[in-house]
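Undergrad: prediction below, plus the sequence it came from.
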Amino acid sequence: MNVPQLPAENAGRTRWLKIAAAVWLLLVSILAVVNSVGLSRLTEQSQASAQDTHVQALDMRVTELEQQAAASKSRPRPVTQPDFEVTRKALEERLTQVERAQVEDARVGDLQVLQARVTDIEARSKKAAASAATPRRTAEPVKPLVPESPFNVVSVELRGGERFLSVAVPGAASVSGLRLLREGDAVGAWQLQAIEARAAVFRVDGQTQRIALP
């Protein structure tokens with residue numbers, strides 16, 4: 001007759017269930033620890049990133065403030081009303097001095113012009129007095145030089161009812177050296193213009209010359 005062994009089997013199952021429960025609890029604990037560590041790291045990372053963002057924001061703000069401070073330094077200082085009044089009075093005084101200097105310069109210039117005119121009038125008066133005291137000399141007309149004739153008048157001859165003037169070149173030794181000139185003929189630059197009763201009229205170098213007849 002077989003004796004039932006249920007209590008022994010139940011004890012084995014119970015033991016395995018306990019082991020499995022222990023393993024499960026261990027796994028759950030490990031997972032909980034892992035999750036806790038992961039959450040801690042995530043929290044730290046999020047906190048670090050948040051700090052970095054905050055630090056960057058602070059850096060940007062500091063940079064902006066530095067730029068504003070530099071710009072405010074480069075800007076001209078606002079002029080106050082007292083400073084403006086002082087500057088305006090100084091400019092008005094300077095302008096008054098300049099106007100006075102211009103008026104004085106104009107007066108000096110007028111005096112110099114008047115003095116120059118008086119000096120000029122005195123010089124003219126002295127010159128006029130000197131001219132009146134000095135007798136004027138009448139300019140004598142310049143007599144033109146009379147050129148010497150290159151011939152000698154010999155006589156007046158009548159041929160065919162026309163009168164001719166007989167002239168001889170100086171140094172001519174024979175009758176062949178004689179020339180008969182009628183009115184209009186010329187010997188060199190001497191042109192016979194007319195034969196008068198007592199003189200022969202010649203034109204030479206734009207002048208009228210008379211040579212007495214022998």
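TA: Yep, it's here.
Undergrad: next secondary structure after the strand or helix carrying Ala69?
TA: In this structure, Ala69 is located in helix 6-74 according to DSSP states H and E. Beyond helix 6-74 in the direction of the C-terminus, DSSP H and E gives the next helix or strand as helix 81-133.
Undergrad: what is that following helix packed up against?
TA: For helix 81-133, the packing partners by 3 or more C-beta pairs under 8 Å, 6 or more residues apart in numbering; DSSP states H and E come out as none at all, with no helix or strand in contact. Every C-beta, even on glycine, is put in place using the N, C-alpha and C of the backbone.
Undergrad: domain-wise, how is the chain divided?
TA: What the record gives for the chain is the domain set 14-75, 77-131, 152-212, from automatic domain parsing.
Undergrad: put together JSON lines for those, with mean neighbour count on each row.
TA: Output for the domains of the chain, formatted as JSON lines (neighbours: other C-beta atoms under 10 Å):
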{"stretch": "domain 14-75", "mean neighbour count": "10"}
{"stretch": "domain 77-131", "mean neighbour count": "10"}
{"stretch": "domain 152-212", "mean neighbour count": "13"}
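Undergrad: make TSV from the ones you listed and add mean pLDDT to it.
TA: Formatted as TSV, the domains of the chain follow (pLDDT from 0 to 100):
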stretch	mean pLDDT
domain 14-75	81
domain 77-131	78
domain 152-212	86
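Undergrad: contact partners of stretch 63-82?
TA: The list of residues contacting stretch 63-82 from outside it, by C-beta atoms under 8 Å, 6 or more residues apart in numbering, reads Thr87.
Undergrad: now do it: distance from first to last residue.
TA: Between the opening and closing residues of stretch 63-82 there is a gap of 36 Å (C-alpha to C-alpha, to the nearest Å).
Undergrad: likewise stretch 168-177?
TA: Counting by C-alpha to C-alpha, the length from the leading to the trailing residue of stretch 168-177 is 6 Å.
Undergrad: so what's Ala116 up against?
TA: Under the criterion of C-beta under 8 Å, 6+ apart, Ala116 has no contact partners.
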